[in-house]
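# Quick one: sequence and predicted model below, then my questions.
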Amino acid sequence: MDNGDDLPEILAGASALAGQPVMVAALETAMAAGLLGFDDLHVQFRHPLVRSGVLQLETVTRRYAANAALAEVLVHEPYRRTWHRAQSVSGQDDEVADEMEAAHVVSLRRGSATEAIWALERSAQLTTDPAKRGRRLLLAAEHAFGLGRADLVDRLLTRAAWTSLSRLDQARMAWLREIFNDGVPGDADRVFALCDLALEAIGASESGLALNLLRGAALRCWWADTGPAARARVIEVAHLIGDGADDPRYAAVLAVADPVLQGQAVREILDAVVLETVADPDALWLLGQAAHAIGDPVRAADFLSRAETKLRQQGRLGLLSQVLNMQVLDNLELGDWDRAVSCAEEAKRLAHETGQPLYDTGSLSLHAMIVALRGNNEQAQSMANEVEIAAGSRRLNSLLCCVQLIRGFGLISAGQHTEAYEALCRVFDPADPSFHLGDRYHGVMFLAESAVHAGRVREARDVIAGLEAEAATTPAATLHRQLSYARAVLADDDDAEDLFTEALRADLIRWPWLRARLELAYGRWLRRQRRVTQARPPLRSAQLTFDLIGARSWAEQARSELRAAGERIQAQEPNAQDVLSAQELQIARLAAEGLSNRAIGERLYLSHRTVGTHLYRIFPKLEITSRAQLAGRLRQV
């Protein structure tokens, strides 16, 4: 039955069902019994449960007849008419099945993936051709993945497997069977096999399927090192797709499969995209993934933030988990650590709930990086061990690289620079399982910092020289920015000032964390040169930024340098992030923006009662007594 409440429409449908005119007086008995209410225009049940109860009391035959009657009167509303026709057919009907498949596109445009899946499932039930039925079930499974419904994906694929699938639909099945574990590494043979299937799809003019298969192959290359030949094969096949460059999946394939050699080509594709004109969350997700992979955190953050908003509106939790996960490192690079914390925590929860173990572990590793950078070395090392156990047996290079970054960041924040250098240098050694083409760029300036304190400058310079050569090939902003820091801190005194000045002259508006790191290092260098008056301004600026970001150990270093430069420093009050958990901080910020408990709950997929309980605990921790005080207290962060 339809949820429409138009009175004339309902009376027309009732008349068609009864075979004679039905007048409004027929509703008065139901209204007197408290079942429904109506006025001149609308009819509504008193409660959704009343509607459900009435439906349950009717026989299947009568429900079919009621839907047929409504379909008969909805001649000018083809979308709704199709839905009622589909619910009035007891057998198979290819005409209605085709209409339902077309209707699922309308459902998607309206933002309802759930309706689209139902339309495709019903379309499959009504279809006489087994091959066509299987393809419709596969398409429904693809949309079910977007909702994060691993159980539904599995059920739909099981049903599709009993149909007569074409060779290409078998390829679709292979891709969908691994979509929740997309990127779980196999050897290079699996990458080549996926590329061969993609070639078949290209030959059949199925470029969309080819790109999906190549994305699966590319993700395997990203999560675990499958070797240069496998990466090159993915790129080679991708280039055979004539119209591929116009599809966001194409940019994602190039970037994820080989972020270094394909970085420039991907950047040119992204340069042609106007962010504000992209409305499709899938396209935004893929473009953000491409930007993230080639080391462009500014662009990645913009694409992914827009994708996140739209995915939340559509309730697509499976993809939302991945989008949140990808934002963490980008926000760390750009100095928005509170945002990184909230993304990591929610991504982990959603990955667990939607059955994505790889992203569950990935979110844990990214959260551990934040813990390490904020100075809790003991907890960070424990979390790194947990990630290493999960990733080590499968040689997931991306996660193993994160493990060493966590260790290095935590050890630096604890002042253990020799151990930090030993941990970090592993991610730059191609023979080490921790080596990763893209993720290692996040450790460049930390390697340089630990080398200076550990007396390993000469060794670090050799590593940086290799990265300088690589920087001539790739436009990765993360690499170029971090190299500007490494050059300056590793330079001899005769060259250091020019390198610091050059690095600080760059456009760092979106890079406050890097700017503060440069200012601290430059101020420290100036003080060592006994130029204390000149050292104070960059040290003050660095200390303020570190406090705002929540980089406690680096803020303390800046304060220590300022004291050594003769400046008196006031004691700092504990920041909100020192006393609140990541979820509490996220709730506090949303409450400070004026959102109600219910609105916060909808945003974070929590009950409004749970939100209220969190706020009850947050107030005393922040030493405030009302919601109105939240914004002022959080501004002290």
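Sure thing, it's come through.
# Count the residues that sit near the closest residue to P281 other than its chain neighbours.
Counting by C-beta to C-beta, 6 or more residues apart in numbering, P281 lies nearest to K310, which is 3.8 Å off, once chain neighbours are set aside. All C-beta spots, glycine's among them, are computed from the backbone N, C-alpha and C. As a burial measure, K310 scores 21 neighbours (other C-beta atoms under 10 Å).
# Over to R617?
12.
# helices or strands up against the helix or strand that it is a member of?
For R617, the host element (DSSP states H and E) is helix 608-621. When contacts are defined as 3 or more C-beta pairs under 8 Å, 6 or more residues apart in numbering; DSSP states H and E, helix 608-621 packs onto helix 582-592, helix 597-604.
# any chance of these in a markdown table, with mean neighbour count too?
A markdown table is the format used below for those (neighbours: other C-beta atoms under 10 Å):
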| stretch | mean neighbour count |
| --- | --- |
| helix 582-592 | 21 |
| helix 597-604 | 18 |
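# any idea which helix or strand carries the nearest residue to R85 once chain neighbours are set aside?
Using C-beta to C-beta, 6+ apart and skipping the chain neighbours, the partner closest in space to R85 is A71 (4.5 Å). Assigned by DSSP H and E, A71 belongs to helix 60-73.
# contacts for that helix?
With contacts defined as C-beta atoms under 8 Å, 6 or more residues apart in numbering, helix 60-73 is touched by 1-2, 9, 12-14, 16-17, 55, 58, 80-81, 84-85, 87-90.
# From A391, how far out is A384?
Distance of A384 to A391, given as C-beta to C-beta, to the nearest Å: 10 Å.
# so what sits against both of these two?
Common neighbours of A384 and A391, using C-beta under 8 Å, 6+ apart, are S365, V403.
# so what's I406 up against?
If you count contacts by C-beta under 8 Å, 6+ apart, I406 has them with S365, A368, M369, A372, A380, Q381, M383, A384, V387.
# Check what pLDDT it gets.
On pLDDT, I406 comes in at 97.
# follow-up on the earlier one: helix or strand: which one has the residue nearest to P281?
Per DSSP H and E: K310 is located in helix 297-314.
# what's the average pLDDT for that helix?
94.
# Show me what that helix is packed against.
Going by 3+ C-beta pairs under 8 Å, 6+ apart, helix 297-314 lies up against helix 281-293, helix 317-333, helix 477-490.
# right, and the helix or strand after the longest one?
Scanning the chain past helix 317-333 towards its C-terminal end, the next helix or strand to appear is helix 337-353 (assignment: DSSP H and E).
# do the last one as well
Downstream of helix 477-490, the first helix or strand assigned by DSSP H and E is helix 493-505.
# Which strands or helices does that following helix pack on?
Under the contact criterion of 3+ C-beta pairs under 8 Å, 6+ apart, helix 493-505 touches helix 477-490, helix 512-528.
# Redo those as JSON lines? Include distance to R458 and mean neighbour count.
Below are these laid out as JSON lines (distance: least, C-beta to C-beta, whole Å; neighbours: other C-beta atoms under 10 Å):
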{"stretch": "helix 477-490", "distance to R458": "9", "mean neighbour count": "23"}
{"stretch": "helix 512-528", "distance to R458": "19", "mean neighbour count": "23"}
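# how about those helices, which one is nearest G37?
Comparing those by their distance to G37 (C-beta to C-beta), the top pick is helix 512-528, with 57.5 Å.
# pLDDT below threshold where in the stretch 301-450 of the chain?
Applying pLDDT under 70 to the stretch 301-450 of the chain flags the ranges 392-393.
# Now do the helix holding R617 and helix 582-592, the angle between them.
90 degrees (axes from the mean of the first three to the mean of the last three C-alpha atoms, to 10 degrees).
# quick one: helix 608-621 to chain centroid distance?
Relative to its chain's centre, helix 608-621 lies at 27 Å (C-alpha atoms, centre = their mean, to the nearest Å).
# go on, stretch 454-463?
36 Å.
# What of stretch 205-222?
Mean-position distance between stretch 205-222 and its chain equals 19 Å (C-alpha atoms, centre = their mean).
# For that stretch, buried residues please.
The neighbour-count check on stretch 205-222 (16 or more other C-beta atoms under 10 Å) flags 206-207, 209-222 as buried.
# before we move on, the earlier item: can the contacts of I406 go into TSV with extra columns for secondary structure, distance to G263 and neighbour count?
Below are those laid out as TSV (DSSP: H, G, I helix; E, B strand; the rest coil; distance: C-beta to C-beta, whole Å; neighbours: other C-beta atoms under 10 Å):
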residue	secondary structure	distance to G263	neighbour count
S365	helix	23	30
A368	helix	27	28
M369	helix	23	25
A372	helix	27	26
A380	helix	30	26
Q381	helix	33	20
M383	helix	30	21
A384	helix	28	26
V387	helix	27	22
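# Looking at the residues you listed, spot the one nearest A245.
S365 (32.9 Å).
# wait, what's in contact with the closest one?
M383, A384, V387, A391, L399, C402, V403, I406.
# now these as a markdown table including distance to E268?
Below are the contacts of S365 laid out as a markdown table (distance: C-beta to C-beta, whole Å):
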| residue | distance to E268 |
| --- | --- |
| M383 | 38 |
| A384 | 37 |
| V387 | 35 |
| A391 | 33 |
| L399 | 30 |
| C402 | 29 |
| V403 | 34 |
| I406 | 34 |
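# Pick the one among the buried residues of stretch 205-222 closest to S450.
Checking the buried residues of stretch 205-222 against S450 by C-beta to C-beta gives W222 as the nearest, at 26.6 Å.
# could you say which helix or strand contains that closest one?
helix 207-223.
# Just want the angle from that helix to helix 281-293.
Using the same axes, to 10 degrees: helix 207-223 against helix 281-293 is 30 degrees.
# got the contact list for A391?
T361, S365, L399, L400, V403.
# Output the helix or strand it falls within as CSV, nothing but the C-alphas.
Per DSSP H and E, A391 falls inside helix 377-392. Extracted C-alpha coordinates of helix 377-392, given in CSV (Å, rounded to 0.1, in the frame of the first residue of the first chain):
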residue,chain,number,x,y,z
ASN,A,377,53.3,7.2,24.0
GLU,A,378,52.5,4.2,26.2
GLN,A,379,49.0,3.9,24.9
ALA,A,380,50.2,4.6,21.3
GLN,A,381,52.7,1.7,21.5
SER,A,382,50.1,-0.6,22.8
MET,A,383,47.7,0.3,20.0
ALA,A,384,50.5,-0.1,17.4
ASN,A,385,51.1,-3.7,18.7
GLU,A,386,47.4,-4.5,18.2
VAL,A,387,47.5,-3.2,14.7
GLU,A,388,50.7,-5.0,13.9
ILE,A,389,49.2,-8.3,15.0
ALA,A,390,46.2,-7.8,12.8
ALA,A,391,48.2,-6.7,9.8
GLY,A,392,51.4,-8.7,10.1
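# Could you export the helix holding W222 as PDB, keeping only the C-alpha atoms?
Extracted C-alpha coordinates of helix 207-223, given in PDB (Å, rounded to 0.1, in the frame of the first residue of the first chain):
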ATOM      1  CA  SER A 207      33.600   0.300 -19.100                       C
ATOM      2  CA  GLY A 208      31.800   0.700 -15.700                       C
ATOM      3  CA  LEU A 209      32.300  -2.900 -14.800                       C
ATOM      4  CA  ALA A 210      35.900  -2.700 -16.100                       C
ATOM      5  CA  LEU A 211      36.700   0.300 -13.800                       C
ATOM      6  CA  ASN A 212      35.100  -1.500 -10.800                       C
ATOM      7  CA  LEU A 213      37.300  -4.600 -11.400                       C
ATOM      8  CA  LEU A 214      40.400  -2.400 -11.800                       C
ATOM      9  CA  ARG A 215      39.500  -0.600  -8.600                       C
ATOM     10  CA  GLY A 216      39.600  -3.900  -6.800                       C
ATOM     11  CA  ALA A 217      43.000  -4.700  -8.400                       C
ATOM     12  CA  ALA A 218      44.300  -1.200  -7.500                       C
ATOM     13  CA  LEU A 219      43.200  -1.500  -3.900                       C
ATOM     14  CA  ARG A 220      45.100  -4.800  -3.600                       C
ATOM     15  CA  CYS A 221      48.200  -2.900  -4.900                       C
ATOM     16  CA  TRP A 222      47.600  -0.200  -2.200                       C
ATOM     17  CA  TRP A 223      47.100  -2.400   0.800                       C
END
